[in-house]
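1. model this:
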Amino acid sequence: MASDPMEVTDRPSSPKNVYKDPDDGRQRFLLELEFIQCLANPTYIHYLAQNRYFEDEAFIGYLKYLQYWQRPEYLKFIMYPHCLYFLELLQNPNFRNAMAHPANKELAHRQQFYYWKNYRNNRLKHILPKPLPETATAAVPPALPPAALNVPPVPSPAPPQPPSSMQYGVGPGSNTAKNEPRNSGIEKRKRK
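-> Sure, this is the predicted structure:
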């Protein structure tokens, strides 16, 4: 019966040499995280363009594959969020070609610098509450007579005092030498 070809069932045989990642993908995760964060540097993108990495279809496919880092479960590991912006720009072939030119690298670097420089002020514009416009027809509450309030008068606060010279560790009228290059050169000549 075992010789009958119809009785033999085709069971899928499991491969004997299945690759088992020894660290459960931790090494790959760290390598991809490091690479994607390098994309936050316009000089590195310029290096990739100069060395013709962007002409390799496999590398372009790898950049498309890395877009999974924009998902929230991976986003929390990224320290340089500009890398995701540049990853999105690298999907465009015109941007990849433009980054081969040093002037465009400098432009991207300057724009990134100005963004960081003004980030706090720009965020405060959107975070701080805007004052409500005052209406001219607002009803004024009736004023109560002072005797009806029964509140003792509050003394006026004293004017603020200038900080004492002790806070700075220098007495008033001190003639300490400043750390200027021209003063230090004169002192060296006097010592000789």
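2. all helices of the chain, in order?
-> With DSSP state H applied, the chain shows helices at 26-38, 42-50, 57-65, 72-75, 82-89, 93-98, 102-127, 146-149, 181-191, listed in chain order.
3. Kindly reformat those as a markdown table and extend each row with mean neighbour count, distance to Lys20 and mean pLDDT.
-> Just so you know, the C-beta spots here come from the backbone N, C-alpha and C atoms, and that holds for glycine as well. Formatted as a markdown table, the entries for those read as follows, by neighbours: other CB atoms under 10 Å; distance: least, CB to CB, whole Å; pLDDT from 0 to 100:
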| stretch | mean neighbour count | distance to Lys20 | mean pLDDT |
| --- | --- | --- | --- |
| helix 26-38 | 14 | 13 | 91 |
| helix 42-50 | 18 | 33 | 93 |
| helix 57-65 | 12 | 22 | 94 |
| helix 72-75 | 10 | 23 | 90 |
| helix 82-89 | 18 | 30 | 91 |
| helix 93-98 | 14 | 37 | 92 |
| helix 102-127 | 12 | 42 | 81 |
| helix 146-149 | 8 | 82 | 52 |
| helix 181-191 | 8 | 64 | 54 |
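4. For those helices, give me CSV that also has distance to Lys16.
-> Converted to CSV, these look like this (distance: least, CB to CB, whole Å):
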stretch, distance to Lys16
helix 26-38, 24
helix 42-50, 40
helix 57-65, 29
helix 72-75, 34
helix 82-89, 39
helix 93-98, 43
helix 102-127, 50
helix 146-149, 93
helix 181-191, 75
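5. nearest to Val18, of these?
-> Val18 sits nearest to helix 26-38 of all the helices of the chain, at 16.9 Å, using CB to CB.
6. for the closest one, packing partners?
-> helix 82-89 (3 or more CB pairs under 8 Å, 6 or more residues apart in numbering; DSSP states H and E).
7. okay, the angle between the helix it packs on and helix 26-38?
-> Inter-element angle recorded for helix 82-89 and helix 26-38: 80 degrees (by axes from the mean of the first three to the mean of the last three CA atoms, to 10 degrees).
8. Helix 42-50 and helix 82-89, what's the angle between them?
-> Angle, helix 82-89 to helix 42-50, by the same axes, to 10 degrees: 30 degrees.
9. contacts for helix 82-89?
-> Defining contact as CB atoms under 8 Å, 6 or more residues apart in numbering, one finds that helix 82-89 is touched by 36-40, 42, 45, 63, 66-67, 69-70, 75, 78, 95, 112.
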